[in-house]
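[1] here is a sequence with its predicted model. Questions after.
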Amino acid sequence: MTGSEVPPAFRLAYVPGVTPTKWVRIWNERLPGTPLTLVGVPAAEAAGLLRDGGADAGFVRLPIDRTDLSAIPLYTETTVVVVPRDHAATAVEELSAEDLAEEIVLHPLDDPLGWERPPGRPAFERPATTADAVELVAAGVGLLVVPQSLARLHHRKDLTYRPLAGAPESRIALSWPEEKTTDLVEEFIGIVRGRTVNSTRGRTPTPPQPKAGRTGKKSGAPRKPAAGRTPRGGSGGAGNPKGGAKNPRGGAAKRGKPRRRP
């Protein structure tokens, strides 16, 4: 490779909470000559990044405007409530919106759940980010409702979380510009969908190879007759034109005695 040749690269965007490690590992195993670059992006900016060419594909949170973006929904996250470890809510396995009626529930500006009306009592001011809201929960200011992946991302030893029943859920999808569905994008779609390395989708299938003949036999060669059998076209042996079996001493073999009639 000369200095002017640059290997093709693939840029993959991902929003907070998504862990693309597994897919990146498979990519590196299958396409070791094509580097993959990760691009972290806030959820609200992911669609714009794809449209502007900042990434070839990306993991986004739905919904997004699909006017010019393709999207494959992958999974739906559990919604949880982040609380201090000494909070009374930790005594139960699951919470409901009614359980939060008297609690201050923080609603950050980057909230991905799209509430029509968030549960609980609103805080005096909305935190700018989820990370800021987590700090306020640790300070005892209120509680926070987020997708489980964000609760794990901002994990702290003094905080924990519980599932929230009946809450909106966040869905993760793989998205890319519809008019830029390149071979590399197709390759990554196959990895995410679990296609094997031998899948022919998007590739020219390898023509079947002819089966090799048996070792030591030539095509079209006459077969050697089995022991005790005569060749086709005659009933006698090679040295006995009358068809009788030849006696080892040189004479014709004796015929068997005819059967007597009853």
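    On my side now, so go ahead. Residues are numbered from 1 along each chain as shown.
[2] where in the stretch 151-262 of the chain is pLDDT low?
    Within the stretch 151-262 of the chain, the ranges that satisfy pLDDT under 70 run 198-262.
[3] repeat that with 90
    Applying pLDDT under 90 to the stretch 151-262 of the chain flags the ranges 195-262.
[4] can you give me phi and psi for the nearest residue to A57 once chain neighbours are set aside?
    In space, and not counting its chain neighbours, A57 is closest to W176: 3.9 Å by C-beta to C-beta, 6 or more residues apart in numbering. In this view, the C-beta of every residue, glycine as well, is placed from N, C-alpha and C. Dihedral angles of W176 (phi, psi; degrees, to the nearest 10) stand at phi -160, psi 160.
[5] so which residue is smack in the middle of the protein?
    In the chain, the C-alpha nearest the mean C-alpha coordinate belongs to G194, at 2.8 Å (C-alpha atoms, centre = their mean).
[6] from L74, how far off is that residue?
    Separation of G194 from L74 (C-beta to C-beta, to the nearest Å): 11 Å.
[7] likewise for P119?
    According to C-beta to C-beta, P119 and L74 sit 27 Å apart.
[8] tell me which of these two has more neighbours.
    P119 (21 against 14; other C-beta atoms under 10 Å).
[9] in this protein, which spans are strands?
    For the chain, applying DSSP state E gives strands covering 10-14, 36-40, 57-62, 69-76, 79-84, 95-96, 104-106, 121-122, 143-147, 159-165, 171-177.
[10] can you redo the ones you listed as TSV with distance to V24?
    Below are the strands of the chain laid out as TSV (distance: least, C-beta to C-beta, whole Å):
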stretch	distance to V24
strand 10-14	7
strand 36-40	6
strand 57-62	11
strand 69-76	15
strand 79-84	26
strand 95-96	35
strand 104-106	33
strand 121-122	40
strand 143-147	21
strand 159-165	27
strand 171-177	13
